[in-house]
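1. sequence-free structure coming up:
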């Protein structure tokens, strides 16, 4: 599983011109699921994302986690994170999980985030989405369950 996370001051997602999810300060998580990912991969990346100390403390030092600051999450499924661009000009998505495998793992990730007491907004799995965000910092990181 691969996650690109961005610390944001606000973010939203639209589908067909309608906002389907919006958050204040927190993280946007772009979640890519590989064809061999399991629930254990979900547990790892969710734990890592909520525990990363990337929010400022009283001295402005990155020393607080999403849980510490009661931040929110916008979770977006994004199979293109497993696009392989090494050959040619068209990415290969061979490593990305097919929808019937990826969607339950995406839903599990959202459920696990909510179990931490986090407000989680989402787009819609498999839909064309317009994501708007204000990157705070900017802070952008990747989290992978395997390397």
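-> Sure thing, it's come through. This is a predicted model, so every value here is computed, not measured.
2. Residue most distant from the centroid, this structure?
-> Each residue of the chain has a distance to the centre, and by CA atoms, centre = their mean the biggest one is for residue 88: 27.9 Å.
3. In three-state terms, label that one for me.
-> Under the three-state scheme (DSSP: H, G, I helix; E, B strand; the rest coil), residue 88 adopts coil.
4. Output the below-cut-off pLDDT ranges for this structure.
-> Judged against pLDDT under 70, the low-scoring parts of the chain cover residues 147.
5. most centrally placed residue in it?
-> Ranked by distance to the mean C-alpha position of the chain (CA atoms, centre = their mean), the top residue is residue 29 at 1.7 Å.
6. Tell me the buried residues in the lengthiest helix in the chain?
-> Using DSSP state H, we find that the single longest helix of the chain is helix 99-115. Judged by neighbour count using 16 or more other CB atoms under 10 Å, the buried positions of helix 99-115 are 102, 105-106, 109-110, 112-113. C-betas here are computed from N, CA, C, even on glycine.
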